[in-house]
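Visitor: Sequence plus the predicted model coming up.
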Amino acid sequence: MTRKELAVFLLLAALCAIVAVASPQFLSPANLQNLARLVGMYGIFSIGVGMVIITGGIDLSVGSICALLGVLLSMMLVEWGWPAGIALVAVVLLGGCLGAAHGALIARLGLQPFIVTLCGLLLYRGAARYVAGDSTKGFGTVEGFEWVRSLASGSVGGVPMPFVVMCVVAAMAWVLLHRSVYGRHLFAVGHNVEATRYSGVDTRAVIAWAYVLSGILAAVSAILIAFYTNSISPASHGNFYELYAIAAAVVGGCSLRGGEGTVLGIVMGAALLQVLRNLVNLLDIPGSLDFAVMGAVILIGAIADQLFGQRRRSIP
Amino acid sequence: MSAISKRFPGVVALDRVDFHIAAGEIVGLVGENGAGKSTLMKILTGIHRADSGTISIDGAPVVMHGPADAARPGIAIIHQEPEVIETIDVAGNVFLGREPLRAGPLRLLDRRRMEAETVRQLARIGSEIPPRTVLQRLSTAQQQFVAIARALSMNARLLVLDEPTSSLGASEAERLFQVLQDLRSTGTAIVYISHRLREIEALADRTVVLRDGRNAGLLHRDELTRHRLVQLMVGRAIASDAPPSRPAGHPNAPGASEPGLHVDRVSTTRYPAVEVSLRVNRGEVLGLAGLIGAGRSELAEAICGVSPRVSGRVVLDGHPVPPDSPRDAIRAGLCLVPQDRRHHGVIAPMSVRENLTLPAVGSFARFGLVKQTTEGRAADAVATNLQVKTSSIEAAAATLSGGNQQKVVLGKWLARQPRVIIFDEPTQGVDVGAKAEIHRLIRELADRGTTVVMISSDMDEIVAESDRVAVMHEGRITGILDKSACTPEAIMQLATA
């Protein structure tokens, strides 16, 4: 484990211990299963956003993509009667296409990632509400896609499916980031895009693909989240997910300047956020404070990192 | 300024340099790249502190701790690229950091006073730029005037201009000269740094020549000729110190009639109107000399596709190289060791191994996955071959010395066996030992039939390491010298044409 990963791991373990002592419910199978389910769903899109952050960019659109694709998935299955397999493929492809559009605007046209994905955030939210006629969508009791539903609500040997899916995604992402040629280029671009270009790497393609992957992973979690909630109100579904993702990546050791981050760190960052939410619930802290608690803990972590990490960073 | 000395780690930048200037005088300051002109002026304007020596103003010694101490007695510097903020207006730039305030508790800007004063100062130098114009809408020359107006509004009595005409056209430069002569007649002292000896001839009352951080000579207006200046800049000592002769390339190498690198009427964005043509033979080291700003790096970058080519062709062993893509150039066998090692050469936080294999990491991969042992062995071999001094190839490139970082940048290309390799200032900021090793590597490459172009501002390096030398000035090649004709004087003549 890297130093950062170890720090996040210790923080995560300490938090779990505190919550477990304060509330015996924390370790109950039901709670742990629900926690794992949430970590799985949030972890998947956080990995995608983390890859974008490693290039030195940002992706603010994942929450709205989640809403738009959730609405479309419900309509495909319930209203248009598409076969489940085709609907899933269509949703994932659409996520990839939206990511490709971001990537093209950023890498080809040179627009700023913040602007492009902020416009995505607004556009897809509007599109979701328009397509759904601003009414809540769901899957009701329509039959014929139980196997898809089980992806979100089922479990294997007590481990919730979304967590299993996330583990598979994380393993693939780990190989991609830490063992593949693309991963090497991704980190190189994040550290120093010019030197990478001078070395003959097609830096624009490297950056664009990161957005495509982020779009695809947002689509995968959109499917899981849609079935998990079973009720998609287009105005609020997926709100703030982009911020969860950014927070998970940064807590997990990504630098917003690019070039730094690990898959394991991002996953642990995502888990940390869910444990904090769980903590708010279990310890009878008013639910209205959940964002405040998350903000405070992340801030304390960042301050500690700055203070204790400084000596290391001053070495050139 | 008398007996000013300044050391930087590893080099003596200034060695007991004397410099003085009187009111109403224009003094030219010339010297080769690295002669110490800029360092001397940075000491005068409080940016650096001298290790020893004294600065006196009006006969009284002063100590300068920072730029503010230089501004108080009226010393101002105008840099090569005018240091202005392009997004705010003229008056805002002139008063930046010392804005006049209106009376009252709100501390509002006194715009009226700012604008009136700006108009007055601009009028002094014969300019009528409206004070509310945003600077990005002005030409470089006009921005230069705004910088001068700013200096004047701070009651500058001594104005230092560092290569002020390098980004100006001929008529704009004329305008600037007129302004400087007017300022001289009103008693302002002006230090004028330039590589363009014609301008020095036209303007300077006296000219101070620096060489290797020392006073090399002083020429009054009536004794100043270009020839004398060049002689003083280069120094006779070097001329007698003839470089060892070397075999001039491989004229009999197979296909010698077809050049390894043929640059055919290429023009760069820096000098779009100038077309450069150049032929370099296989196995030859072509030195590319010139003063800073001559367009050598821009040419190299345009050839290698890292910056756009405005027009022209680059032909490698008879095959044209597509423009605007370093990737295509590298595939064709054309590699660049860039000048800016920190930004374009190494990726400092990544390991030596990752840096070495970056252009070729795909060749160590199967199904897109890097075979780490193969990669490590290859990187190890290159590092050993180049004698890169590092604790381990897993250490971050940032931990290496400049010379060893340069070897890493070079090492990136060696595995690919490039057909043409362009070095841009290969030994800048490199210690003596590593320098010799890099020279040896360059020669080895050429001996193996690689076509080498070496840009260097180090006169000794150019003379000693090149088979032929092309000299550039303001974007053009002003001459090509064979080994026998290649002397510092001849190069400097062409470089200052």
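Guide: Sure, I can see it. Residues are numbered from 1 along each chain as shown, chains lettered A, B, ... in the order given.

Visitor: OK, contacts around the residue of the stretch 51-200 of chain B found nearest chain A?
Guide: The minimum distance from the stretch 51-200 of chain B to chain A, using CB to the nearest CB, falls at B:T87 (16.8 Å). C-betas here are computed from N, CA, C, even on glycine. The contact partners of B:T87, taken as CB atoms under 8 Å, 6 or more residues apart in numbering or on different chains, are B:V134, B:L135, B:Q136.

Visitor: Neighbour-wise, which one of those residues leads?
Guide: Compared across those, B:L135 has the highest neighbour count, 20 neighbours, by other CB atoms under 10 Å in any protein chain shown.

Visitor: So it is in contact with B:A91, correct?
Guide: No. The criterion here is CB atoms under 8 Å, and B:L135 misses it with B:A91 at 10.6 Å.

Visitor: List the buried residues for stretch B:423-438?
Guide: Under the neighbour-count criterion of 16 or more other CB atoms under 10 Å in any protein chain shown, stretch B:423-438 has B:F423, B:D424, B:E425, B:P426, B:T427, B:Q428, B:V430, B:A434, B:K435, B:E437, B:I438 buried.

Visitor: In strands only, show me these.
Guide: Those of the buried residues of stretch B:423-438 mapping onto strands are B:F423, B:D424, per DSSP state E.

Visitor: which one of the buried residues of stretch B:423-438 sits closest to chain A?
Guide: B:D424 (10.8 Å).

Visitor: That closest one contacts B:P338, doesn't it?
Guide: Yes. At 5.4 Å, B:D424 counts as touching B:P338 under the criterion of CB under 8 Å.

Visitor: Next to chain A, which bits of the stretch 201-350 of chain B? Give me the list.
Guide: Contacts of the stretch 201-350 of chain B with chain A, taken as CB under 8 Å from any CB of the partner chain, map to B:306, B:326-327, B:329-331, B:336, B:338, B:343-350.

Visitor: ok, and what's touching stretch A:138-147?
Guide: Against stretch A:138-147 from outside (CB under 8 Å, 6+ apart): A:S74, A:L77, A:V78, A:A84, A:A87, A:R149, A:A226, A:F227, A:N230, A:S231, A:I232.

Visitor: same thing but at 6 Å, please
Guide: A:L77, A:V78, A:A84, A:N230, A:S231 (CB atoms under 6 Å, 6 or more residues apart in numbering or on different chains).

Visitor: Now neighbour count, pLDDT and distance to chain B too, for those residues, in a markdown table please.
Guide: As requested, the contacts of stretch A:138-147 are exported to a markdown table (neighbours: other CB atoms under 10 Å in any protein chain shown; pLDDT from 0 to 100; distance: CB to the nearest CB, whole Å):
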| residue | neighbour count | pLDDT | distance to chain B |
| --- | --- | --- | --- |
| A:L77 | 25 | 91 | 34 |
| A:V78 | 16 | 90 | 39 |
| A:A84 | 16 | 89 | 31 |
| A:N230 | 14 | 88 | 38 |
| A:S231 | 14 | 90 | 40 |
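
Visitor: which of the residues you listed sit farthest apart?
Guide: Pairwise distances across these peak at 18.7 Å for A:A84 and A:S231 (criterion: CB to CB).

Visitor: among the residues of the stretch 201-350 of chain B next to chain A, which ones are buried?
Guide: By 16+ other CB under 10 Å, these give B:306, B:326-327, B:329-330, B:336, B:338, B:344-350 as buried.

Visitor: now those residues as JSON lines including secondary structure?
Guide: Formatted as JSON lines, those follow (DSSP: H, G, I helix; E, B strand; the rest coil):
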{"residue": "B:V306", "secondary structure": "coil"}
{"residue": "B:P326", "secondary structure": "helix"}
{"residue": "B:R327", "secondary structure": "helix"}
{"residue": "B:A329", "secondary structure": "helix"}
{"residue": "B:I330", "secondary structure": "helix"}
{"residue": "B:L336", "secondary structure": "strand"}
{"residue": "B:P338", "secondary structure": "coil"}
{"residue": "B:H344", "secondary structure": "helix"}
{"residue": "B:G345", "secondary structure": "helix"}
{"residue": "B:V346", "secondary structure": "coil"}
{"residue": "B:I347", "secondary structure": "coil"}
{"residue": "B:A348", "secondary structure": "coil"}
{"residue": "B:P349", "secondary structure": "coil"}
{"residue": "B:M350", "secondary structure": "coil"}
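
Visitor: just curious, which of the residues you listed is nearest to B:L291?
Guide: Using CB to CB, those come closest to B:L291 at B:P338, 19.2 Å.

Visitor: That closest one and B:P426 touch, don't they?
Guide: No. The pair B:P338 and B:P426 does not pass the contact test of CB atoms under 6 Å, sitting 10.0 Å apart.

Visitor: Run through the bridge partners of B:H220.
Guide: B:R206 (DSSP bridges).

Visitor: mind checking how far it is from B:R196?
Guide: Counting by CB to CB, to the nearest Å, the gap from B:H220 to B:R196 is 19 Å.

Visitor: Please, which helix or strand holds the nearest residue to B:P308 once chain neighbours are set aside?
Guide: Spatial nearest neighbour of B:P308, excluding adjacent residues (CB to CB, 6 or more residues apart in numbering or on different chains): B:D324 at 5.2 Å. B:D324 is part of no helix or strand, with elements assigned from DSSP states H and E.

Visitor: B:I330 versus B:D324, what's the distance?
Guide: B:D324 is 13 Å from B:I330, by CB to CB.

Visitor: For the residue in the stretch 51-200 of chain A that chain B sits nearest to, which residues are in contact?
Guide: Scanning the stretch 51-200 of chain A for the residue nearest chain B gives A:G200, at 3.7 Å (criterion: CB to the nearest CB). Contact analysis of A:G200 by CB under 6 Å, 6+ apart lists B:P326, B:R327, B:I330, B:P359.

Visitor: can you do 8 Å?
Guide: So A:G200 contacts B:P326, B:R327, B:A329, B:I330, B:R331, B:P359 (CB under 8 Å, 6+ apart).

Visitor: cool, A:V267 as well?
Guide: A:V39, A:G43, A:S46, A:I47, A:M166, A:A170, A:G252.

Visitor: Kindly indicate the member of those residues with the most neighbours.
Guide: In the contacts of A:V267, the most neighbours by other CB under 10 Å go to A:S46, 36 neighbours.

Visitor: give me the low-pLDDT residue ranges for chain B?
Guide: For chain B, the stretches with pLDDT under 70 are B:9-11, B:167, B:236-257, B:497.
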